[in-house]
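Novice: below is the sequence, then the predicted model.
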Amino acid sequence: MTCIAAVKVKDSIWVGGDSAGVSESALTIRKDSKVFRNGNFLIGFTSSFRMGQILRYKLKNPKHIESITPVEYLNTIWIDEVRNTFKTEGYSDITSNVESGGCFIGAYKGVLFSVHSDFQIAIPALDFEAVGSGGEIAKGSLYTQKVLNKNKDGKSMVKLALQSAEKMNAYVRKPFKIMKIKHD
């Protein structure tokens, strides 16, 4: 289920997601959004609606110590708090001493990133990312728009990526929620 697509343009990062909730062959269009703000973060999630609820309502973003870069903050202080919050809320899975969570996209202080189930912070070289069952389709759309067509309108790029995923993936559905966060 799901497609979350994001792109970084000039002074902002756009993140958008679909509204499908899928369990086996059952489809529910959800009113609760997969894209939201949490403090200075813009987040779009896949994997589990429970994970998204924890990120949205339970995660308290720790203070960013100004002596470290946003990337260092994300890879240390912030992701440690995400892991701790998942554990506290009963979301983490620990098997054979390996901890795992879910997958989501984030934007913070001009950094577009994704978090994967092993809690790595991945920063895309081409300033766009997409995750979920429609993620690869959306990435192809974003690549064509950003790299080949030189489209500079972030909102329309994310919308077209989500539309492409909806047309080619059975688990991606409107309405789409698209938000932006400005950066320095």
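Specialist: Structure's in. What do you need?
Novice: tell me where this structure has helices.
Specialist: Counting by DSSP state H, one finds helices in the chain at the ranges 49-53, 70-73, 79-88, 135-143, 154-168.
Novice: relative to Asp18, which of those is closest?
Specialist: helix 154-168 (6.0 Å; Cβ to Cβ). All C-beta atoms are positioned from the backbone trio N, CA, C, and that covers glycine.
Novice: contacts for the closest one, please.
Specialist: Contacting residues not belonging to helix 154-168 are listed as 3, 5-9, 12-18, 128, 130, 132, 134-135, 137-142, 145-146, 151, 172-174, 176, 178, 180 [Cβ atoms under 8 Å, 6 or more residues apart in numbering].
Novice: can you check stretch 60-69 too?
Specialist: For stretch 60-69, using Cβ under 8 Å, 6+ apart, the contacting residues are Asn38, Gly39, Asn40, Phe41, Pro70, Tyr73, Thr76, Ile77, Trp78, Glu81, Thr85, Lys109.
Novice: let's see 7 Å
Specialist: Asn38, Gly39, Asn40, Phe41, Tyr73, Ile77, Trp78, Glu81 (Cβ atoms under 7 Å, 6 or more residues apart in numbering).
Novice: tell me which residue is most central in this structure.
Specialist: Nearest to the geometric centre of the chain sits Ile105, at 2.0 Å (Cα atoms, centre = their mean).
Novice: beta partners for it?
Specialist: Gly44, Ser114 (DSSP bridges).
Novice: ok so, going back, strands - which of the contacts of stretch 60-69 land there?
Specialist: Of the contacts of stretch 60-69, the ones assigned to strands by DSSP state E are Asn38, Phe41.
Novice: filter the contacts of stretch 60-69 to the buried ones?
Specialist: Asn38, Phe41, Tyr73, Trp78 (16 or more other Cβ atoms under 10 Å).
Novice: nearest to Leu27 among those?
Specialist: Asn38 (27.1 Å).
Novice: surely that closest one meets Leu55?
Specialist: Yes. The pair Asn38 / Leu55 is scored as a contact, 6.4 Å apart, by Cβ atoms under 7 Å.
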